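Engineer: What would the 3D arrangement of this be:
(one chain, ligands or ions: 1)
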Amino acid sequence: VAFNAVEQAIDSLVRTEVRAINAYHVPPSTNMIKLDAMENPYGWPDDLRQAWLAKLAELSLNRYPDPSATELHQTLHRHLNLTSATGLLFGNGSDEIIQLLIMAVNKPDAKVMSIAPTFVMYDMIARFLGADYCSVPLDESFQLDVDSFITAMIEQQPALVFIAYPNNPTGNALSRQDVIRIIEAAPGLVVVDEAYHAFAEDSFVQDTCAYPNVLVMRTFSKVGLAGLRLGYLVGPVAWIEQIDKLRLPYNINTMTQASALVALAHWPILAEQALQICQDRAELAKQLAELPGVAVYPSAANFIVIRLDLAGPTATDVFEGLKAVGILIKNLSGQGGVLANCLRITVGSISENSQLLKGLAALLPSR
Ligand code: PMP
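Structural biologist: As a prediction, this is how the structure comes out:
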């Protein structure tokens, strides 16, 4: 078939918005020090690994998985101390849950709203589904003017508001009081995305009982299980039942269900790793702040945003310079706006952090 004919068929059949989308790009990272994706740098210790392998050895894959992930469901419900009025839903990563949530409210003209910058998948998935997306910008210190946000909400009437708490890519969190103001003024559903909960001090899980319009989303990805692809949604049973109708059958595979159960049975090990990462975050922030021309932003997550001053190399130069010595971080400066000349660094192991600091020091002129 002629190439042109294929192009013509695509042009006439694929939605214009889909043709306009750039596919989500994941940079190659083989053999690099990987500090770009908020993963936990620590593998599982040997005893946990052995328990996991023993559990996997009991599984068989000729049957479909438990469609409701019953055992995982019950175990996590207990683990989170939820009441019987609160339900849970699992997704193939929280990305899938974002998709289910938008699908559920996506009437013609329905809007999805958040702050900017924030997690890109809210905007991308809204576009995949043909929903309108709007946002209110943060200022240069990554703070939100909550009054403006509420005014915009009243004007736009979004069916769904996402609040990443803490926020990615900025690392900070709104104050609890500000989130509550948004919840109370919202005309629709508010989803508090607690992907970075393990590194933060506060949570809205218990608040889902207190409001008719609040759900909380979390993920196993940042606490050492990014390879599993498991996220969950917490909220009033009636809400969860509606969203659950849109979940594809068997979205959580047999190995993920079993592996997550092993992780929950050994949770203190993962909690200890998260604590270690928080300590290392403080140390890394201190050392970054000592580098010439580097401003460090406060973080309640497992990553730190820095901004380079205009007198030295650009963020892109530094990003490329680190890549050339085998260190991968995230260059945020391409996103422009309040992220101009910003880089995002995931907190790694102690040795990875010190190699990063060495690499940065070599690229920044001493003053
Ligand atoms: N929410 C936020 C705020 C994130 O930063 C991420 C991942 N970067 C996710 C959700 C998605 O996590 P996952 O799909 O791995 O559960």
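Engineer: separation between residue 100 and the ligand?
Structural biologist: Separation of residue 100 from the ligand (Cβ to the nearest ligand atom, to the nearest Å): 12 Å. Any C-beta I mention is one placed from the backbone N, CA and C, and that applies to glycine too.
Engineer: scratch that, residue 88
Structural biologist: 15 Å.
Engineer: Using PDB, write out every CA atom in the helix or strand where that residue lies.
Structural biologist: Under the criterion of DSSP states H and E, residue 88 resides in strand 86-91. Extracted in PDB, the C-alpha atoms of strand 86-91 (Å, rounded to 0.1, in the frame of the first residue of the first chain):
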ATOM      1  CA  THR A  86     -15.200   3.900  52.300                       C
ATOM      2  CA  GLY A  87     -14.400   2.000  49.100                       C
ATOM      3  CA  LEU A  88     -11.300   1.200  47.000                       C
ATOM      4  CA  LEU A  89     -10.700   0.800  43.300                       C
ATOM      5  CA  PHE A  90      -7.400  -0.300  41.700                       C
ATOM      6  CA  GLY A  91      -5.900   0.900  38.500                       C
END
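Engineer: Beyond that strand, next helix or strand please.
Structural biologist: helix 93-105.
Engineer: before we move on, which element is the residue in the stretch 251-367 of the chain that the ligand sits nearest to in?
Structural biologist: Going by Cβ to the nearest ligand atom, the ligand is nearest to residue 301 of the stretch 251-367 of the chain, at 8.2 Å. Assigned by DSSP H and E, residue 301 falls within no helix or strand.
Engineer: in terms of contact, does it touch residue 164 like I think?
Structural biologist: No - using Cβ atoms under 8 Å, residue 301 is not in contact with residue 164; the gap is 9.3 Å.
Engineer: Next, count neighbours for the closest residue to residue 228 other than its chain neighbours.
Structural biologist: In space, and not counting its chain neighbours, residue 228 is closest to residue 256: 5.1 Å by Cβ to Cβ, 6 or more residues apart in numbering. Burial of residue 256 is recorded as 21 neighbouring residues (other Cβ atoms under 10 Å).
Engineer: tell me the contacts of residue 256?
Structural biologist: 228-230 (Cβ atoms under 8 Å, 6 or more residues apart in numbering).
Engineer: Same question for residue 145.
Structural biologist: Contacts of residue 145 (Cβ under 8 Å, 6+ apart): 136, 139.
Engineer: List the backbone torsions phi and psi for it.
Structural biologist: Backbone torsions of residue 145, given as degrees, to the nearest 10, read phi -80, psi 100.
Engineer: 54 is where my numbering starts, stick with that
Structural biologist: Done: numbering now begins at 54, and the last item shifts to residue 198.
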